[in-house]
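**Student:** How does the following fold in three dimensions:
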Amino acid sequence: MQANSLLAKAIRVALISSAGLATIAVGVAQAAGENGDSSVERIQVTGSRIKRTDLESANPVTVLDASDLSNQGFTNVQDALENLSATTGAVTTQSVHGFTPAATAISLRGAGASRTLTLINGKRLNQYPRALGGTDNFVDTSSIPLDAVQRIEILQSGASAIYGADAVGGVVNIILKRDFDGFAAKYRRTATTEGGGGSDKVSISMGSSSDRGNVSNFTEFSSNEQLKASERANFGINTDKVPYSPFSRYSSYGARISGGPKGAVVKTLTPEECQALGLFYDTANQRCGYDRSMQRDLAPETTKFNNTTIFNYELMDDLTMVGRIDFGKTQSTTRIEPSSTDDVDVTVSGSGLDVSQARSGLDDSAANRFTKHYDNKGTALNGDFANAADGDYTYIRRLNGLGQRRGETNGENYYGSLGLEGGLGDSFSWDMSGNYGKSYVDVYNHGYTTYQKMFDYVTSGENGHSLLSDIPADDLSTLSYSPYSRASSSLLNFQANITGPAFELFNDNEADFALGAEWSKQDYTANSDSESMLGNVVGTGGSSGQGERRFWATYGELKIPVMDQLTFDLAVRYDRYSDFGGNVTPSIAVEYRPTDEWLLRGSWNKVFRAPDMQRVYGDPTQGFSSVVDFKACQDMGGVPNQAYPDNPRKNEICNELHINSTTGANPDLKPEKGYTANLGAVYGGDQLSASLDLWQWKLDDMVNQVSASRQAREYELYNSTITRDADNVITHIQSTALNLSFQEVRGIDGELGYDFDLNELGELKLIGRSTYLLKSESQLDSASPVDDDIDDGGLPKLKGNIVATWNYADFTTALSGFYTGRHHGVNYKSFKDSAEENNEQFKESDYEVGSYFRWNLTGTYHMSDDIDFQTGLLNMFNRGPNFDPTDSSWPHYERSLFNAVGRQWFIEASMKM
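**Tutor:** Predicted coordinates for the structure are as follows:
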């Protein structure tokens, strides 16, 4: 004992001396049990690297353990995270038109998915190879077997002083099971009452223990059926023209000719001719159009295989080898409506005509166009322009002969971690590890063509081909083009930590410390086929680029219990990036416990975030947007966001104009810097528990780009980035990543729980959580007005959930409710501004999304210690999405908040040995 005591003192002196030279910091921690009772188990809680005995700390942490996940019927980690009240938005597989249809993530406290840090066992993960929206890097949460999860800790505060960059909105730390022993198998079948979107999941867990260690393996295979929009007629999503949105309309992209002088005579298709081409005749607008929704997925067909192996082995007393190996494979297929073209232009002059088309979607200038002249307009292009007056015309044609556009996403994820854990003396613990992750995503697209192929078809032969006629199968085969892209990302990380008592205080309490360092190398590569890289593919964009950054950090934590009831936590961290230099982020937190039941807490944390690599190193990302062209609409005598069913072109420009867009990177970006703050109170009694926290975060130099819709609305300010055609209508908008002025968000989190002892009727546990946004403001630059994000629209002020769990004999029943409050629609600001400019009456409630409540009910029968049966209804009242009266784009609801799955039922059987 004397040797251990001397060793402990020597280590303390050495480490505290080193801390004076290195960075000292403090995390959120609590004293280890009453009267220094060292027999109380200490665990590391998210938000601190110092082990502690209490989950409640100066920063709010929500904990979902394995029983919570099971009782509430969650299928995967993402389901649980999406339903948190602090989750203000989510990346889901509903994003069938986007860059990431096979990945999932969440945004905490309105900070965005890229500013929410996701960890497994406190270690960073490699980011998903494809950027969200072609700009934002994030961690995919869909690659973790649910049965491997011991608990999920959600730190609802910034933690850059502890974890470094990205921990702005909060931290999601997924803690895996460490010592699973035996064999377990589980099967779950989920189906929807409306059809489509069903799923199967098989999970197998195996583990073996010895006197010195354990190895556990968790395998999960899941298969999700596609959910087609045509299967949700009950929610009104099966067709483009729906009664709940005055802005919904069938696509005008069927087969027709637009343009020319007023009253010009060109060929038009009869209803019979239109339908013979497999298109849809829009009787209301008397044109050959298309019903896109009949061909669209709401969620893709997906299969996932995830495998995690966890091991630990005691090499000797106080020295254990630990490690983890992950492998995941994902296959996802999204289907949307066939491609269309509006790029074949025809200029009629006298008896002849000229056909022209841009060579790519990037440059529509006269110097970058294919052209061909025909002397006789009566025979050219099947005589479509035989009686046409001089002028400029455009073919508009849905290329339905190419079939649905289909995107096949194949992803693979590899991760390995190997480390050592040990103790020094009786009081100190340390760990060190090396971690490496690599991810690949390949995307194969079908149903596309190129500008060159399109022009060659129209102009082939002596007189060319009409786009109002059927396209022969041989020509469709020639037209077809399949774009391809591959992206990869990796993260190599080494880290080391040590924690223990630092010194004794005058009041006989001990201060605890943690010191650590880490080094990381991060890279990504994204490449597309040559035609996509050049912007030569009709109807699709692309994202490419590559980059590498290295960074290292040193950090420390110090917890000082100045009184039995009062503890100060101090922290500081230094990060050094190869491309953005160094940064120091401190934090301070206070815990005051006036009684055993009460905790008063406060914290202030500096936060720091290096810009996403895609925004710094990425090539321009080609995409498409739907905007309201405010200038062109007003020039035509129209009112933005007002329907004009008798004038299709005016209706399109004033409500839903489809344009090309380009998002560019910016190597001159600066890091984002700001702070988070929290002030709260916690009560924990024998039966009643409650907490209330007031929080705020602010980021300066926040990296973002001005959206295409905003640029179109504020066209005078962004005139230099908007391209217009000869009719002064927007055709293209350029967005570049910029350091905007700031964003500031403030809110209140509340939690209330009560445990009822029902005697012979078992026990009932109630818990409710809610988040209320008090403020969300942002500013583009110092010269711009400060925007009220809540008033502008698309951001609910209130989210909440409540769970009632009843345990009786061999049965467990859980009733869960999830609430999203009433809020302004996504385009609320546009409607409000338009009404004010035109001196029109504006009724706020007409432009709001209604409140939403969804209920789940699950029941579990514990047949024996080894066999369980569970069944449940998810969304038991079959609530569809709440539609947005301001959203002119399909599906007219916010996919980050709602879905159209409807009621689901599931059965699950599990056994263990």
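
**Student:** Show me the shaky parts of the stretch 151-300 of the chain.
**Tutor:** By pLDDT under 70, the low-scoring segments of the stretch 151-300 of the chain are 263.

**Student:** Okay, helices next: where are they in it?
**Tutor:** Using DSSP state H, counting those that start in this stretch, the helices of the stretch 151-300 of the chain run over 160-163, 271-276.

**Student:** try the stretch 351-500 of the chain
**Tutor:** Using DSSP H, counting those that start in this stretch, the helices of the stretch 351-500 of the chain run over residues 451-459, 473-479.

**Student:** Can I get those helices in TSV including distance to residue 275, mean pLDDT and mean neighbour count?
**Tutor:** No exception for glycine: its C-beta is placed from N, CA and C like everyone else's. Formatted as TSV, these follow (distance: least, C-beta to C-beta, whole Å; pLDDT from 0 to 100; neighbours: other C-beta atoms under 10 Å):
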stretch	distance to residue 275	mean pLDDT	mean neighbour count
helix 451-459	23	95	20
helix 473-479	19	94	14
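
**Student:** Turn those into a markdown table, columns for distance to residue 629.
**Tutor:** Below are those laid out as a markdown table (distance: least, C-beta to C-beta, whole Å):
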| stretch | distance to residue 629 |
| --- | --- |
| helix 451-459 | 23 |
| helix 473-479 | 30 |
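
**Student:** Ok, which of those comes nearest residue 537?
**Tutor:** Nearest to residue 537, of all the helices of the stretch 351-500 of the chain, is helix 451-459, at 7.9 Å by C-beta to C-beta.

**Student:** who's in contact with the closest one?
**Tutor:** 341, 343-344, 355, 357-361, 370, 372, 381, 395, 464-465, 467, 471, 475, 478-479, 481, 536-538 (C-beta atoms under 8 Å, 6 or more residues apart in numbering).

**Student:** Just the CA atoms of it, as PDB, please.
**Tutor:** Taking Å, rounded to 0.1, in the frame of the first residue of the first chain, the C-alpha atoms of helix 451-459 are listed here in PDB:
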ATOM      1  CA  TYR A 451     -26.900  16.900 -74.600                       C
ATOM      2  CA  GLN A 452     -24.900  15.600 -77.500                       C
ATOM      3  CA  LYS A 453     -27.000  12.400 -77.900                       C
ATOM      4  CA  MET A 454     -30.200  14.500 -77.700                       C
ATOM      5  CA  PHE A 455     -29.100  16.900 -80.400                       C
ATOM      6  CA  ASP A 456     -27.800  14.100 -82.600                       C
ATOM      7  CA  TYR A 457     -31.200  12.300 -82.400                       C
ATOM      8  CA  VAL A 458     -33.200  15.400 -83.200                       C
ATOM      9  CA  THR A 459     -31.000  16.400 -86.100                       C
END
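
**Student:** Now find how far off-centre it is within its chain.
**Tutor:** 38 Å (C-alpha atoms, centre = their mean, to the nearest Å).

**Student:** repeat for stretch 629-645
**Tutor:** Relative to the chain's own centre, stretch 629-645 is displaced by 33 Å; criterion: C-alpha atoms, centre = their mean.

**Student:** One more: stretch 224-244?
**Tutor:** Counting by C-alpha atoms, centre = their mean, stretch 224-244 comes out at 23 Å from the chain centroid.

**Student:** same deal with stretch 427-440?
**Tutor:** Here stretch 427-440 is found 26 Å from its chain centre; the criterion is C-alpha atoms, centre = their mean.

**Student:** swap in stretch 288-306?
**Tutor:** 19 Å.

**Student:** and if you look at stretch 869-879?
**Tutor:** Per C-alpha atoms, centre = their mean, the centroid offset for stretch 869-879 relative to its chain is 25 Å.

**Student:** How about stretch 855-870?
**Tutor:** Distance, stretch centre to chain centre, for stretch 855-870: 32 Å (C-alpha atoms, centre = their mean).

**Student:** buried set for it?
**Tutor:** For stretch 855-870, the neighbour count (16 or more other C-beta atoms under 10 Å) marks 856-860, 868, 870 as buried.

**Student:** Please consider this matter closed, and thank you.
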